[in-house]
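In: Sequence and predicted model, in that order:
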Amino acid sequence: MISRRNIRVKVMQTLYALETMDESSIKPGTATRLLNEKLDQTCQIFTYLLNSVVQVAQYAEIDALARASKHLPSAEDLQVNTKIAGNEFIYQITSDKGFQVNLEQWKMKLQTDDDLLRKLYNQMVVTDTYKAYIADGSRTKAGEKEILEFIYKEVLGKSELFIQHMEDTFLHWGDDEEMMSILINNYFNKPHLFNFLQLISKEKLDYAKELLLTVIDKKEYCLELIKPKLQNWDSERIAAVDMLLMEMGVCEFLYFPTIPTKVTINEYIDLAKAYSTPQSGQFINGILDNILKDLEKEQLVQKQDRPKK
């Protein structure tokens, strides 16, 4: 469910964090601990976003109770429509044991911002989409799904307040934002396929740890291959992220036989464009391509088809 691109980003971030740490503070297991923390954040964000959708929908009941409890409630106060709070997808999410475990483990219930929820709910109730939803007395599976997708895409996704809240709550929200849209969409389409306690497959988790530890272990060898290709470039002045991405790319060439070399180059070009300088994509493309040609001449690159599952 979580892509290899996202995995590579987490490995890159972990390697960068290790390079900025005092060597005396790096103990056995530090690297994998940092990586696990970054992968956990992706799972946290997914759970948190779904919980936010649920809370905005359930706020209808809070709003109805508050308005009915006024000293002199109006007729409108007494007729707040709470249909959305009974949405079947909300029940499916909240009754999932893995979802509840995550909420408790990460104490997400304590992060609830009541003022933000109220503002998001008030933004939702004035939309034509929401008005059409509550005006329809029936419940269809498609309709129940569409209104929650609407909350995620149009209410949360377009709220500057909510985006700021996510940036403040999760350090690397920007790295996961695009993937979250894919994950949330996939969840609403096939919720029964999701395991909240294992959003990252064992295969990808093993890949993440192996890539991290391989880059650390083979760093000196990778630099021996990279530095001669820099020519007029001062290796000390090259962006740290560029160097890490090239080391990761070289390791994938040599030690990950099921990943095609073309995929590796394209992935690290894209990551360079996203996380380094404007010229980094072209720079990394040239260096990795030159290194690959040499490795292939020496028959050091051995690739094979990925095993079918």
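Out: Everything's here; your move.
In: where does the residue nearest the centre of the chain land on pLDDT?
Out: When the chain is reduced to its mean C-alpha position, the nearest residue by C-alpha atoms, centre = their mean turns out to be residue 176, at 2.9 Å. Model confidence at residue 176, expressed as pLDDT, equals 89.
In: What strand or helix carries it?
Out: Here residue 176 is covered by helix 173-189, with elements defined by DSSP states H and E.
In: Repeat that for residue 273.
Out: Residue 273 belongs to helix 261-275 when elements are defined using DSSP H and E.
In: circling back: now do the helix holding residue 176: distance to the chain's middle.
Out: Centroid displacement of helix 173-189 relative to its chain, using C-alpha atoms, centre = their mean, to the nearest Å, is 7 Å.
In: Buried ones in it, by neighbour count?
Out: Neighbour-count burial for helix 173-189, counted by 16 or more other C-beta atoms under 10 Å, picks out 173, 175-177, 179-180, 183-184, 187-188. Where you see a C-beta, it was placed from the backbone N, CA and C, and this is true even at glycine.
In: Farthest pair within these?
Out: Greatest spatial distance among the buried residues of helix 173-189 (C-beta to C-beta): 175 and 188, at 22.5 Å.
In: And the helix holding residue 273, what does it pack against?
Out: The elements that helix 261-275 packs onto, with contact taken as 3 or more C-beta pairs under 8 Å, 6 or more residues apart in numbering; DSSP states H and E, are helix 4-20, helix 240-255, helix 280-297.
In: hmm, try it at 6 Å
Out: helix 240-255, helix 280-297 (3 or more C-beta pairs under 6 Å, 6 or more residues apart in numbering; DSSP states H and E).
In: Just want the angle from the longest one to helix 240-255.
Out: Note on geometry: by axes from the mean of the first three to the mean of the last three C-alpha atoms, to 10 degrees, helix 280-297 and helix 240-255 are set 30 degrees apart in direction.
In: Next, the angle from helix 280-297 to helix 261-275.
Out: Orientation check (the same axes, to 10 degrees): helix 280-297 against helix 261-275 gives 160 degrees.
In: List the buried residues in helix 280-297.
Out: 280-281, 283-284, 287-288, 291-292, 295.
In: Can you dump the C-alpha atoms of it in PDB for me?
Out: Output of helix 280-297 as PDB, limited to C-alpha atoms (Å, rounded to 0.1, in the frame of the first residue of the first chain):
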ATOM      1  CA  SER A 280      20.100  18.000  -9.100                       C
ATOM      2  CA  GLY A 281      17.900  15.800 -11.300                       C
ATOM      3  CA  GLN A 282      20.100  16.200 -14.400                       C
ATOM      4  CA  PHE A 283      23.200  16.000 -12.300                       C
ATOM      5  CA  ILE A 284      22.300  12.700 -10.700                       C
ATOM      6  CA  ASN A 285      21.000  11.300 -14.000                       C
ATOM      7  CA  GLY A 286      24.500  11.900 -15.600                       C
ATOM      8  CA  ILE A 287      26.500  10.500 -12.700                       C
ATOM      9  CA  LEU A 288      24.400   7.300 -12.100                       C
ATOM     10  CA  ASP A 289      24.200   6.600 -15.900                       C
ATOM     11  CA  ASN A 290      28.000   6.800 -16.100                       C
ATOM     12  CA  ILE A 291      28.500   4.600 -13.100                       C
ATOM     13  CA  LEU A 292      26.000   2.100 -14.400                       C
ATOM     14  CA  LYS A 293      27.900   1.800 -17.800                       C
ATOM     15  CA  ASP A 294      31.100   1.000 -16.000                       C
ATOM     16  CA  LEU A 295      29.500  -1.500 -13.700                       C
ATOM     17  CA  GLU A 296      27.800  -3.200 -16.600                       C
ATOM     18  CA  LYS A 297      31.100  -3.400 -18.500                       C
END
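In: which residues are in contact with that helix?
Out: By C-beta atoms under 6 Å, 6 or more residues apart in numbering, the surrounding residues in contact with helix 280-297 are 225, 229, 242, 245-246, 249, 253, 261, 265, 268-269, 272-273, 301.
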